[in-house]
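Student: Any chance you can model this:
(one chain, ligands or ions: 3)
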Amino acid sequence: MGRVVSQERGVIHVQTPEGKKPIRVSKSMPAFSVGDWIVLNSAGTFVRLLERFSLFSRKAAGTKVSTQLIASNIDTVFIVSSMNQDFNLNRIERYLALANEAGVEPVIVLTKLDTCEYPEQYIEQIMEMDPFLETVAVNSLDPDSVCKLDGWCIEGMTVAFLGSSGVGKSTLINTLLGECVQQTHVIREDDAKGRHTTTTRSIHVLSLGGLLLDTPGMRELQLADCEQGIEETFSEISGLARQCRFTDCQHENEPGCAVRAAIESGDFDGRRLSNYLKLMKEQELNTATLAERRARDREFGRHIHAYKKSKRNKGN
Ligand SMILES: Nc1nc2c(ncn2[C@@H]2O[C@H](COP(=O)(O)OP(=O)(O)OP(=O)(O)O)[C@@H](O)[C@H]2O)c(=O)[nH]1
Ligand SMILES: [Mg+2]
Ligand SMILES: [Zn+2]
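Tutor: Ligands and ions are numbered 1, 2, ... in the order given. The predicted structure is shown next:
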């Protein structure tokens, strides 16, 4: 048994009890992802891939690769957001949709507790959005504060991070690792925007024995083929939508719309509905664009094929 800890062109690196082994990937093998568990025989050759219990993937355009595997077998994803003017529920919901689509348990980590005057206001907003979400507020620079995340970082657990630039992912990771392996960047105070500084790709062992999966692909996740993840994130809307008069109700002006009725009676926030509709539209658009591009590429391939064939026939 071993776990894929990094990947490069044509080679995967597999961590086994006997050390790290490179394995050349051949056409007969399945597509691999960082985080995969694989069975090797005593000679160290690939036998089979174990079923993944969670998977982050990215839809990519092109004829050959339609899905790019980013990270697998992650138990928990920390959705990191700072408690300052950068805090944004819509963005958190977008990350939740990605986590739900991947089948990974999300935990909301609110950072910069040390510089925040009223952390309760942020925590309350999350609770109001979804009372069942695990939410933890920390000062990422302080190990005594970050230890609130210990339960998810023990041996046998694999964690990953999602969050926009400057929120403190690398800082948190450094604290959890107990050593400085990631470069953090000084944030520009004025607009709370940081810069992209994370370039490493691999699995790290946390000080408590858990594993941290940190690949650049996690940054590039987009909403495409993500309908289920969105439905799950906005389960109260999907639940109500089943009671709408029309099965294809857009919850705009249709008569007998249960979703609008609930908003009007103050049962839930109109912001939720507009973000739900926005994310749905975005994922549909992305999915369609990719499908179109793939079709175009296939069409182009057919032209090339026909051209080559005609050349060959002429040559005869
Ligand atoms: N005071 C305080 N500063 C923090 C905290 N978390 C992060 N910072 C600071 O915020 C800045 C950005 O943190 P990073 O850890 O580099 O952010 P990141 O999420 O890794 O950003 P990218 O790599 O660009 O995606 C750094 O200057 C950190 O020291 C916190 O909890 N409290
Ligand atoms: Mg970083
Ligand atoms: Zn409706």
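
Student: any idea how far D36 is from L49?
Tutor: 6 Å (Cβ to Cβ, to the nearest Å). In this view, the C-beta of every residue, glycine as well, is placed from N, C-alpha and C.

Student: what's the host helix or strand of L98 packed up against?
Tutor: Using DSSP states H and E, L98 maps to helix 89-102. Secondary-structure packing of helix 89-102 (3 or more Cβ pairs under 8 Å, 6 or more residues apart in numbering; DSSP states H and E): strand 55-59, strand 76-82, strand 105-111, helix 119-129, strand 158-162, helix 227-233, helix 270-315.

Student: Save the ones you listed as a markdown table, and put in mean pLDDT, mean neighbour count and distance to ligand 1 too.
Tutor: What follows is these, written out as a markdown table (pLDDT from 0 to 100; neighbours: other Cβ atoms under 10 Å; distance: least, Cβ to the nearest ligand atom, whole Å):
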| stretch | mean pLDDT | mean neighbour count | distance to ligand 1 |
| --- | --- | --- | --- |
| strand 55-59 | 86 | 21 | 16 |
| strand 76-82 | 96 | 25 | 6 |
| strand 105-111 | 97 | 23 | 4 |
| helix 119-129 | 94 | 15 | 11 |
| strand 158-162 | 94 | 24 | 8 |
| helix 227-233 | 92 | 19 | 22 |
| helix 270-315 | 76 | 13 | 21 |
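
Student: Reformat these as JSON lines; add distance to K27.
Tutor: Below are the helices and strands packed on helix 89-102 laid out as JSON lines (distance: least, Cβ to Cβ, whole Å):
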{"stretch": "strand 55-59", "distance to K27": "20"}
{"stretch": "strand 76-82", "distance to K27": "32"}
{"stretch": "strand 105-111", "distance to K27": "35"}
{"stretch": "helix 119-129", "distance to K27": "46"}
{"stretch": "strand 158-162", "distance to K27": "29"}
{"stretch": "helix 227-233", "distance to K27": "31"}
{"stretch": "helix 270-315", "distance to K27": "19"}
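
Student: For A71, grab the count of nearby residues.
Tutor: Per other Cβ atoms under 10 Å, the neighbour tally for A71 reads 27.

Student: Can you list phi and psi of it for me?
Tutor: For A71, the backbone dihedrals (degrees, to the nearest 10) come out as phi -160, psi 140.

Student: May I have the residues that are in contact with it?
Tutor: Contact partners of A71, counting by Cβ atoms under 8 Å, 6 or more residues apart in numbering, are 33-35, 55-56, 160, 213, 215, 217-218.

Student: Same question for T67.
Tutor: Contacts of T67 by Cβ under 8 Å, 6+ apart are 31, 57-60.

Student: With F161 instead?
Tutor: Here F161 is in contact with 77-78, 80, 169, 172-173, 212, 214, 218 (criterion: Cβ under 8 Å, 6+ apart).

Student: from those, which single one is nearest R24?
Tutor: D214 (24.5 Å; Cβ to Cβ).

Student: ok, so what distance separates that closest one from ligand 2?
Tutor: Separation of D214 from ligand 2 (Cβ to the ion, to the nearest Å) stands at 9 Å.

Student: likewise E227?
Tutor: 30 Å.

Student: Might you report the residue contacts of the residue lying closest to that residue once chain neighbours are set aside?
Tutor: Among residues not flanking E227 along the chain, Q283 sits closest, at 6.3 Å (Cβ to Cβ, 6 or more residues apart in numbering). Applying Cβ under 8 Å, 6+ apart, we find Q283 in contact with 97, 223-227, 230.

Student: could you redo those as CSV and give each row distance to L177?
Tutor: Below are those laid out as CSV (distance: Cβ to Cβ, whole Å):
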residue, distance to L177
A97, 28
L223, 30
A224, 32
D225, 33
C226, 31
E227, 36
I230, 33
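
Student: Out of these, who's the most crowded?
Tutor: A97 (28 neighbours).

Student: burial measure for the closest residue in space to G270 that isn't next to it in sequence, as a count.
Tutor: With sequence-adjacent residues excluded and distances taken as Cβ to Cβ, 6+ apart, G270 is closest to I263, at 5.0 Å. I263: 19 surrounding residues under other Cβ under 10 Å.

Student: Quick check: the gap between I263 and P255.
Tutor: Distance from I263 to P255, by Cβ to Cβ: 15 Å.
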